[in-house]
Each structure stands twice: as structure tokens, then as C-alpha cells.
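Trainee: Quick check, what structure comes out for this input:
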Amino acid sequence: MIDLHVHSTRSDGTYTPTELVDYAMEKELTAFALTDHDTTDGLEEAMTHAAALRLQLPENQSSSVPEVIPGIELSTDETGTEVHMVGLFIDRDNTVFRRYLEEFVESRNNRNKEMCLRFQAQGIDLTYEALLARFPDCVLTRAHYARFLMEHGLVGSTREAFDRYLGSRCSCYVPRNKITPAKAVELILTAGGIPILAHPILYRLSDARLDALVASLKEAGLVGIEAIYSSYSPSEERQIRRLAKKYNLLISGGSDFHGANKPGLDLGTGYGKLYVPEEILQNLRAYKHRK
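Mentor: Here you go, the predicted structure:
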């Protein structure tokens, strides 16, 4: 069993990259992709820990350590709809790709500082420095704001935090600078990766709009689509598989595991019924080797 969509504390998950490797091993996954939002900072830790575990174990047990697939999940905007693009097998040292990530981090930092100022204007003691101290070495997202507000007794739940302060129509919200999905495909390809359209059902597009989006992204170089996902119904999975067949796209799948930030959703098994067969990874790897 594999999982090709996983998050760590380097973005908005609650497991460190090291803990993810250990947990994937406990869950008997053969591989997982670390796909943190807009950052590759956790990859070295995860891959180094996995390599160290293989050296520590007897040779006949080393295969029990899961392979860590280097990945990322890029946030994009398509005419007002937030669309996510997963990149698998990326070269995190690619110069062009790293430059983009550095520029994106600077933009995101400026956005976070502005959001903190908006909280302070409402008399809420939430500073950028306090957020960094509470969540070091990670890309700050609205989920971190929600956790901070809950921990300080300012809201009773994550939903309340988003409803009162963090939602796109709330007073403390500041929109992010986003690239288009087509640009994300280009960046992932530049980094030698495989671009995957993440959880397309979640965008709640009409069938016609989703078809048009997939068609345009295929033209831009899209290689795969996430047809297996934690929250999909059987009919939704069939719908995405039909799109994959129509546009000759590879199938990908994953839980979108975030640890405690998505209660009830587990690594590898999602909400209990998720299963991503190793054949999925074999097909993706075969494509990678052909390029």
C-alpha cells in the first residue's frame, strides 16, 4: 500500500517528516510522497531518516522502511477557484524551481504579517513573531492561525476561526499571490517532476468546467490526476477515472494526511476505505524513467 499525498509540520500537518516515516513504517506502507504546501523543506529530513533506518535494520528487514517520494503541492488560482497541483519525483535542487519557492515564501511572509496586523487592529494579540515561535520551520497557513486562536481560547473550534476571522470574506483575511495551474504544471516539469491535478472533485466545478480545466492542463503538460482520494464516493472516483482515460492521464491517489489537523483521516487509509495500490506508483515511475 502507498500514499502519494501527505503533509508534515513543514506546512500544515502535525507529524514531523521523521515521524511520518516512522508512522508509514508502522502502517506498513511501502512508499509515501511528502507533498507539503509550497515547500520542499521537509524532504531532506524524511529521506535522511528513512536511509538511516535502512542502515540500522538487518538486510532482510530493510525493505520494511517506506520509500519517500519527493513531492510538493502548489497552490494556484483558476478564475477565482483555488486549484492544487501535486508534483511527484521533483528535483528540489532545480535552480528555477528553488527561485520560485523563495519568491513565493517572501510573498507569503508579507501576507502573514498583514494578516497579523489585521488581528491586532481588532484588539486580538496575535503577532507574526508569536506565530513563528509557536510554529517554527514551517510554511504558515490559515490552519496555523486557527490552531493558535484555539490554543489561546479565542475561538472554540477551527470552523469558528475560519467563520469569524480567516474565511475569504472575513476582516482578517488577506488573499495570497497565486500562479495559474498551467504555470504550476510548467514549474513541476522544469523540476523534472510529474504534475498531478490534486483532488479535482473538491473544486465543485460543473462537469463541463472540470473537463475544460483538465483539457487545458493536458495541453500545458499535465501528466496525472488524483482519481483515488479519501473523501471520494465510488461514483466520483469513476468520474475522475473516465477523465483520466479521456485525456490519457496517469492515475494518482493519496489520503491528504494532515495528522490531527484532519481528524479521522489516517495515513494510507484515509477515512477507512482508501486503498492506493502499488501499481499506481509503478506506472508513475515507468513514465518518469521513459522521460
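Trainee: The spatially closest residue to residue 36 that is not a sequence neighbour in helix, strand or coil?
Mentor: Excluding the flanking residues, the one nearest residue 36 by CB to CB, 6 or more residues apart in numbering is residue 11, at 3.8 Å. (Glycine included, C-beta is placed from N, CA and C.) Classification of residue 11 by DSSP: H, G, I helix; E, B strand; the rest coil places it in coil.
Trainee: So this structure: which segments form each domain?
Mentor: Annotated domains of the chain cover 2-99+177-290, 108-166 [automatic domain parsing].
Trainee: Between the two ends of the last one, how far is it?
Mentor: Distance between the boundary residues of domain 108-166 (CA to CA, to the nearest Å) amounts to 15 Å.
Trainee: centre of the chain versus that domain, how much separation?
Mentor: 20 Å (CA atoms, centre = their mean, to the nearest Å).
Trainee: rewinding a little: among the domains of the chain, which is the most enclosed?
Mentor: Scoring the domains of the chain by mean neighbour count under mean count of other CB atoms under 10 Å gives domain 2-99+177-290 as the most buried, with a mean of 19.
Trainee: In TSV: the domains of the chain, plus mean pLDDT.
Mentor: Converted to TSV, the domains of the chain look like this (pLDDT from 0 to 100):
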stretch	mean pLDDT
domain 2-99+177-290	94
domain 108-166	90
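Trainee: hang on, the residue nearest to residue 36 packs against residue 138?
Mentor: Yes: with contact defined as CB atoms under 8 Å, residue 11 counts as touching residue 138 (6.2 Å).
Trainee: list the residues that contact both of those two?
Mentor: Residues touching both residue 11 and residue 138 (CB atoms under 8 Å, 6 or more residues apart in numbering) are residue 39.
Trainee: wait, what's in contact with the closest residue to residue 274 other than its chain neighbours?
Mentor: Nearest residue to residue 274, sequence neighbours excluded (CB to CB, 6+ apart): residue 230, at 5.2 Å. Going by CB under 8 Å, 6+ apart, residue 230 touches 254, 255, 256, 265, 270, 271, 274.
Trainee: any idea how far residue 137 is from residue 152?
Mentor: From residue 137 over to residue 152 the distance is 21 Å, taken as CB to CB, to the nearest Å.
Trainee: all strands of the stretch 101-250 of the chain, in order?
Mentor: All strands of the stretch 101-250 of the chain, identified by DSSP state E, counting those that start in this stretch, fall at 194-197, 224-229, 250-254.
Trainee: possible to save those strands as CSV with distance to residue 50?
Mentor: Listed next are these as CSV, based on distance: least, CB to CB, whole Å:
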stretch, distance to residue 50
strand 194-197, 20
strand 224-229, 23
strand 250-254, 18
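Trainee: Nearest approach to residue 33 belongs to which of these?
Mentor: strand 250-254 (6.9 Å; CB to CB).
Trainee: by how many degrees do the very next helix or strand once past that closest one and strand 250-254 diverge?
Mentor: Once the chain leaves strand 250-254, the next helix or strand it forms, by DSSP states H and E, is helix 278-290. Helix 278-290 and strand 250-254 are oriented at 130 degrees to each other (axes from the mean of the first three to the mean of the last three CA atoms, to 10 degrees).
Trainee: Show residues contacting helix 278-290.
Mentor: Helix 278-290 has contacts (CB under 8 Å, 6+ apart) with 1-2, 4, 30-31, 69, 88-89, 194, 223-224, 228, 250-253.
Trainee: Could you report the distance from residue 159 to residue 47?
Mentor: Computed as CB to CB, the residue 159 to residue 47 distance reads 35 Å.
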